[in-house]
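Visitor: Provided below for reference: sequence and predicted model.
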Amino acid sequence: MSRIPQSFIDELIARADIVEIVGLRVPLKKAGREYKACCPFHSEKTPSFWVSPDKQFYHCFGCSAHGTALGFLMAYDRLTFPEAIEELAERLGLEVPHEASAAGSAPRRAHDDLYGLMARVVSYYGEARARDTRAREYLTTRALDAPTITQFAIGYARDSWNDVLRRFGGSDAARQQLSDLGLIIERDGASIREGERHYDRFRDRIMFPIRDARGRAIAFGGRIIDQGEPKYLNSPETALFHKGRELYGLYEARQSRVALKRLLVVEGYMDVVRLHQAGIAYAVATLGTATTAEHLKRIFRLVNEVVFAFDGDRAGRAAAWRALQNTLPEAREGREIRFLFLPEGHDPDTLVGAEGREGFEKRIATALPLSEYLVREVSADIDLSHADGRARFAEAARPLVGKLAHGLYRELVLERIAATIKLSTERLQELWGQAGRSPQPPARERVLTRTGISAGRGSLVRQAIVRLLQFPATAARVTAKERADLDRLHEPGIELLRELIDDLKRAPAQISAQVIERWADKPERESLEKLLQKEDVITNVAAAASELRAALVKLAELANTQRLQELELKSRSSALDEIELQEFQRLTTSHATGKASG
């Protein structure tokens with residue numbers, strides 16, 4: 001894979017104007033040094049949405065939405081992070097560079113020719129479908145109308161071993177591109193004549209183009225018209241297509257004029273197409289694979305609710321159980337995950353045809369919440385009327401609960417399981433031991449939530465972090481000794497403060513938004529964004545640097561105090577060595593005179 005250099009992201013953030021980016025989508029009104037508007041992410045009559053040109057940051061005091069220009073594009077235009085980068089770069093007239101990883105993948109721009117070829121093949125399949133009577137009749141029998149066929153660019157691969165090969169494979173380079181896209185397959189055997197070395201992958205199939213978030217075709221799914229195996233054939237993994245990331249119909253769902261509030265995950269291409277045609281324009285499908293963590297992360301960047309729809313047969317139940325297990329790590333407060341099981345003998349395609357949109361959405365409203373589905377499935381073959389069965393149920397549920405992230409949602413699931421076996425939550429956790437307890441978040445995740453970091457105006461560590469966020473240039477004024485003193489300190493948030501200083505010394509930043517984007521994939525980002533929302537009277541870098549230095553001096557004094565306490569405690573149980581004794585005497589003298597000493 002290739003990645004976008006952080007230096008380019010820094011440059012992009014520095015050159016972008018968040019007021020312009022937001023203002024093109026939301027009417028902004030000047031209010032002092034900032035701009036305000038009614039929030040585009042929730043309904044309100046009084047403006048609570050503010051945009052700061054100084055911080056290059058937006059924040060809504062009503063719904064707490066916040067972020068940089070990139071974050072706004074992701075939230076408002078429903079783009080992924082790389083797509084937001086591309087959008088912003090295009091606006092600024094910049095070309096996005098890519099660094100090849102150890103695998104040596106080529107930069108994305110090298111794939112432009114492949115995207116163009118895919119577009120031509122989509123058009124070719126569409127023309128073939130329009131000319132072929134049998135293909136048109138098949139789509140008619142599946143009750144697809146012309147606008148839907150056009151919307152999803154549905155086509156037809158002719159019943160030929162070399163139709164696409166002849167049309168698009170006129171040279172060695174062209175054949176290599178077709179092969180790279182998985183459209184043709186190379187035959188085995190050394191004695192094969194040159195003209196017969198390759199053949200078309202898709203033959204006599206209705207073709208469903210799979211699009212990325214920008215609407216570019218990246219792969220195909222082909223459905224056999226008559227009898228034959230496999231019934232569905234997908235493109236292989238290619239430089240453009242990774243089935244564990246993509247969702248069929250997501251591009252079309254995002255183009256809907258209706259605000260996207262939930263996604264309905266189904267299993268087949270035709271299910272998605274028929275549901276969209278019926279007005280359920282939030283249906284998507286995985287591509288021949290179980291729902292992956294990458295799918296879920298993508299889903300929850302767009303919506304807070306997902307409903308999985310499965311056939312009511314044995315295969316559907318098995319697929320639902322796999323989905324539940326993959327979904328557990330992403331389940332948390334603020335997200336709603338539900339499971340819908342269709343009547344025996346029906347799939348979404350046939351059921352929406354029989355019941356229409358209204359009937360199908362009534363079923364969606366009755367879908368089982370994840371917690372209820374978990375309890376139902378785990379207890380399906382267990383008799384809960386006696387102690388043996390309840391113990392068996394608890395032991396079966398234990399590893400599933402272990403997959404849940406710490407937080408309120410996990411506690412509520414624990415309560416539900418405890419109630420099922422007639423125990424208190426506390427007693428269940430005690431019996432399960434540490435495996436059943438909601439684990440403490442890692443130290444770095446506790447950075448800004450522990451009492452010591454958030455009390456009053458904020459701890460010294462918090463004050464220092466806020467100054468670095470608001471005025472990143474102040475990091476250059478931190479001396480080597482001031483930085484070294486932080487290594488001796490044991491305080492909530494100190495690890496983050498050290499890392500911020502080191503990062504900003506290594507790669508200086510100009511504005512707050514650059515710092516935030518450097519933490520895009522780290523758990524601390526949310527806490528840093530909340531700190532950045534903090535209003536402050538400091539308006540220049542000199543004053544900020546003065547406050548930062550004052551905090552660092554006090555932190556050095558605190559480090560000395562902590563070290564003195566450690567040495568005092570040790571001296572009560574064992575003798576200090578010569579070096580420790582000298583340090584103890586020095587710190588005692590310094591403490592007595594009130595002077596910080598390193």
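Guide: Received it, and whenever you're ready, just let me know what you need.
Visitor: and residue 507, how many neighbours?
Guide: Under the neighbour criterion other CB atoms under 10 Å, residue 507 is assigned a count of 13. Every residue, glycine included, has its C-beta placed from N, CA and C.
Visitor: any figure for the gap between it and residue 11?
Guide: Noted for residue 507: a distance of 11 Å to residue 11, by CB to CB, to the nearest Å.
Visitor: can you check residue 30 too?
Guide: To residue 11, residue 30 is 27 Å away according to CB to CB.
Visitor: just checking, what packs against whichever strand or helix holds residue 72?
Guide: Using DSSP states H and E, residue 72 sits within helix 69-76. Secondary structure elements in contact with helix 69-76, counted by 3 or more CB pairs under 8 Å, 6 or more residues apart in numbering; DSSP states H and E, are helix 6-15, helix 18-23, helix 81-92.
Visitor: gap between the shortest one and the chain center?
Guide: Relative to the centre of its chain, helix 18-23 is centred 24 Å away, using CA atoms, centre = their mean, to the nearest Å.
Visitor: please apply the same query to the last one.
Guide: How far helix 81-92 lies from its chain's middle: 17 Å, per CA atoms, centre = their mean.
Visitor: same question, stretch 485-495
Guide: Centroid displacement of stretch 485-495 relative to its chain, using CA atoms, centre = their mean, is 31 Å.
Visitor: ok, back up a step: residue 551 is nearest to which of the helices and strands packed on helix 69-76?
Guide: Closest approach to residue 551 among the helices and strands packed on helix 69-76 (CB to CB): helix 6-15, 25.4 Å.
Visitor: ok now the closest one, how far from the chain's centre?
Guide: The chain centre lies 21 Å from the centre of helix 6-15; the measure is CA atoms, centre = their mean.
Visitor: can I get stretch 247-260 in PDB? Just the C-alpha atoms.
Guide: Taking Å, rounded to 0.1, in the frame of the first residue of the first chain, the C-alpha atoms of stretch 247-260 are listed here in PDB:
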ATOM      1  CA  LEU A 247     -19.600  -1.900   0.300                       C
ATOM      2  CA  TYR A 248     -21.800  -2.300  -2.800                       C
ATOM      3  CA  GLY A 249     -24.300   0.500  -3.100                       C
ATOM      4  CA  LEU A 250     -22.600   2.900  -0.600                       C
ATOM      5  CA  TYR A 251     -21.800   5.400  -3.300                       C
ATOM      6  CA  GLU A 252     -25.400   5.400  -4.500                       C
ATOM      7  CA  ALA A 253     -26.600   5.600  -0.800                       C
ATOM      8  CA  ARG A 254     -24.500   8.700  -0.300                       C
ATOM      9  CA  GLN A 255     -26.000  10.300  -3.400                       C
ATOM     10  CA  SER A 256     -29.500  10.100  -2.000                       C
ATOM     11  CA  ARG A 257     -31.200  13.400  -1.400                       C
ATOM     12  CA  VAL A 258     -32.500  12.100   1.900                       C
ATOM     13  CA  ALA A 259     -30.200  12.600   4.900                       C
ATOM     14  CA  LEU A 260     -28.300   9.300   5.600                       C
END
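Visitor: for that stretch, list every residue counted as buried.
Guide: Of all the residues in stretch 247-260, those buried under the rule 16 or more other CB atoms under 10 Å are 247-254.
Visitor: and the least confident of those residues?
Guide: The pLDDT minimum for the buried residues of stretch 247-260 sits at residue 254, where the score is 82.
Visitor: state the distance from that residue to residue 386.
Guide: When distance is defined by CB to CB, residue 254 is 51 Å away from residue 386.
Visitor: out of residue 30 and residue 11, which sits in the busier spot?
Guide: residue 11 (16 against 9).
Visitor: residues touching the helix holding residue 72, excluding its own?
Guide: 9, 12-13, 16-18, 21-22, 25-26, 40-41, 56, 58, 65, 67, 79-81, 83-85, 87-88, 301, 513, 517 (CB atoms under 8 Å, 6 or more residues apart in numbering).
Visitor: and that helix with helix 81-92, angle?
Guide: Relative orientation of helix 69-76 versus helix 81-92 (axes from the mean of the first three to the mean of the last three CA atoms, to 10 degrees): 120 degrees.
Visitor: is residue 248 bridged to anything, and to what?
Guide: Beta-bridge partners of residue 248, counted by DSSP bridges, are residue 285.
Visitor: so it sits against residue 270, correct?
Guide: No: Residue 248 is beyond contact range of residue 270, at 10.4 Å (criterion: CB atoms under 8 Å).
Visitor: show me where the stretch 301-450 of the chain has helices.
Guide: 314-327, 348-365, 370-378, 387-401, 408-420, 425-432 (DSSP state H, counting those that start in this stretch).
Visitor: can you redo these as JSON lines with mean neighbour count, mean pLDDT and distance to residue 571?
Guide: Output for these, formatted as JSON lines (neighbours: other CB atoms under 10 Å; pLDDT from 0 to 100; distance: least, CB to CB, whole Å):
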{"stretch": "helix 314-327", "mean neighbour count": "16", "mean pLDDT": "87", "distance to residue 571": "54"}
{"stretch": "helix 348-365", "mean neighbour count": "16", "mean pLDDT": "96", "distance to residue 571": "69"}
{"stretch": "helix 370-378", "mean neighbour count": "19", "mean pLDDT": "93", "distance to residue 571": "54"}
{"stretch": "helix 387-401", "mean neighbour count": "16", "mean pLDDT": "90", "distance to residue 571": "46"}
{"stretch": "helix 408-420", "mean neighbour count": "18", "mean pLDDT": "90", "distance to residue 571": "43"}
{"stretch": "helix 425-432", "mean neighbour count": "16", "mean pLDDT": "84", "distance to residue 571": "39"}
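Visitor: of those, which is nearest residue 120?
Guide: helix 348-365 (29.5 Å).
Visitor: show residues contacting the closest one.
Guide: With CB under 8 Å, 6+ apart, helix 348-365 has contacts from 142-143, 264, 266, 268, 270-271, 274-275, 278-280, 283, 307, 309, 340, 342-343, 346.
Visitor: swap in stretch 199-207?
Guide: Here stretch 199-207 makes contact (CB under 8 Å, 6+ apart) with 125, 129, 135, 138-139, 154-165, 182-185, 187, 220-226, 228, 233, 235.
Visitor: this completes my enquiry, with thanks.
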